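Colleague: Structure of the sequence below:
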Amino acid sequence: MVDKDVTISQLILELDLLRSQVLGLEQINAQLRADNQKLQDQIARLKRDSSNSSKPPSSDIVKPKNKGTRRGRRKRKIGGQKGHPRHERIPFPADDIGPVIPYELSPKQAQGLIPLEEWVVLQQVDLVERPYVVTEHRARKYLDPRTGRIVIAPFPVAVKAAGLVGPKLSALAAYQKGDCHMSYSTIRRFWNEVLGIPISRSQLVNVIQKASAAFAAPYAELREALVREPYVGADESGHKDWGDKLWAWCFRAARFTVFHIDPSRSSDVLKAILTETFGGVVGSDYFSAYHKYMTDCGVLVQFCWAHLIRDIRFLAEHTDPSLRLWGNKLLP
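Modeller: Predicted coordinates:
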């Protein structure tokens with residue numbers, strides 16, 4: 001005969017053992033779910049690139065796929081496309097044309113033909129042999145017979161300030177250094193070999209520093225005009241100068257752009273450039289400095305729609321079904 005008390009006690013022990021095993025499995029399952037969610041989030045973050053987030057294209061490990069391309073679509077040929085209007089170069093006006101060289105048939109070749117007052121024109125642009133002019137400014141000396149002192153007629157202020165290099169050539173040097181990002185050695189070689197003007201590096205430095213100083217007044221005027229604009233687009237980009245981290249800030253108004261280089265990327269730059277009482281609207285990305293500027297100064301900020309759309313596209317591509325559904329509903 002089976003002892004009922006022993007059987008019941010064994011069942012209770014087995015039940016407790018099963019309960020502990022189930023509890024352990026539930027804990028393992030919860031940990032696995034948490035680890036899985038963490039991995040899914042990491043995968044989602046790794047999939048972020050410039051096409052579905054605010055990340056710059058330079059941060060992409062590989063070039064993101066073009067969402068607009070379709071399979072089987074042929075690559076467009078280089079040059080004018082079928083059905084597009086023809087675009088031709090506008091000829092130089094008569095005032096810009098130097099010598100005119102006509103070409104005609106020889107009398108033998110033209111025999112029996114009637115010459116027309118019509119020509120096929122080919123305009124050719126080339127450098128002149130010496131693409132500069134040297135102006136010699138002379139200041140006459142005068143002798144004072146009573147004292148024997150020499151008096152020199154004064155040069156015009158602009159002529160004396162320019163020195164060796166005139167204003168147009170100075171503007172060329174500033175353009176080469178600033179907009180073309182040419183080194184002093186490259187500019188010097190261009191002047192020597194192309195223009196035929198011998199010049200030293202130190203002279204080039206002086207010329208470009210003069211040009212830079214000449215921009216001080218108009219730059220200050222644009223800085224003052226910036227704070228009166230109804231809308232200003234702002235952005236910043238980092239770069240290094242002799243190992244030092246600097247930020248190039250760009251403020252875009254309707255008719256002009258102001259650049260400002262600063263060691264800081266904080267909202268203090270916005271307060272200094274646009275002031276704490278800016279009455280217009282600032283267009284920007286989601287960088288924290290613009291949020292702080294908006295909060296501290298009560299300035300209206302229009303955040304970039306393109307950044308918002310890319311962030312929503314990231315949600316639409318997320319591994320979480322609920323986020324993916326929500327992102328697809330928000331996409332335009």
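
Colleague: For the longest helix seen in the chain, give the mean pLDDT please.
Modeller: Counting by DSSP state H, the longest helix found in the chain is helix 4-46. Here helix 4-46 scores 82 as its mean pLDDT.

Colleague: How far off centre is it?
Modeller: When distances are taken as Cα atoms, centre = their mean, to the nearest Å, helix 4-46 is centred 56 Å away from the chain's centroid.

Colleague: what about the helices in the stretch 101-250 of the chain?
Modeller: 157-162, 167-178, 184-190, 201-214, 216-226 (DSSP state H, counting those that start in this stretch).

Colleague: Including mean pLDDT and distance to residue 273, could those go into a markdown table?
Modeller: C-betas here are computed from N, CA, C, even on glycine. What follows is the helices of the stretch 101-250 of the chain, written out as a markdown table (pLDDT from 0 to 100; distance: least, Cβ to Cβ, whole Å):
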| stretch | mean pLDDT | distance to residue 273 |
| --- | --- | --- |
| helix 157-162 | 91 | 30 |
| helix 167-178 | 94 | 20 |
| helix 184-190 | 96 | 30 |
| helix 201-214 | 93 | 19 |
| helix 216-226 | 95 | 7 |
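
Colleague: Tell me which of the ones you listed sits nearest to residue 96.
Modeller: Set against residue 96 and scored by Cβ to Cβ, those come closest in helix 167-178, at 17.1 Å.

Colleague: sorry, back to before: I'd like the helices of the stretch 101-250 of the chain laid out as a markdown table, including mean neighbour count.
Modeller: Output for these, formatted as a markdown table (neighbours: other Cβ atoms under 10 Å):
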| stretch | mean neighbour count |
| --- | --- |
| helix 157-162 | 12 |
| helix 167-178 | 17 |
| helix 184-190 | 15 |
| helix 201-214 | 15 |
| helix 216-226 | 12 |
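
Colleague: Format those as TSV; extra columns: distance to residue 23.
Modeller: TSV is the format used below for the helices of the stretch 101-250 of the chain (distance: least, Cβ to Cβ, whole Å):
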stretch	distance to residue 23
helix 157-162	89
helix 167-178	72
helix 184-190	75
helix 201-214	75
helix 216-226	66
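
Colleague: With respect to residue 90, which of these lies nearest?
Modeller: That would be helix 167-178 among these, by Cβ to Cβ, at 23.5 Å.

Colleague: Next, the angle helix 201-214 makes with that closest one.
Modeller: Orientation of helix 167-178 against helix 201-214 (axes from the mean of the first three to the mean of the last three Cα atoms, to 10 degrees) gives an angle of 100 degrees.

Colleague: Tell me the helices and strands packed up against helix 167-178.
Modeller: Based on contacts counted as 3 or more Cβ pairs under 8 Å, 6 or more residues apart in numbering; DSSP states H and E, the elements that helix 167-178 packs against are helix 184-190, helix 201-214.

Colleague: which other residues reach it?
Modeller: Helix 167-178 is contacted from outside by 132, 158, 162, 165, 182, 184, 186-187, 190, 197, 204, 207-208, 210-212, using Cβ atoms under 8 Å, 6 or more residues apart in numbering.
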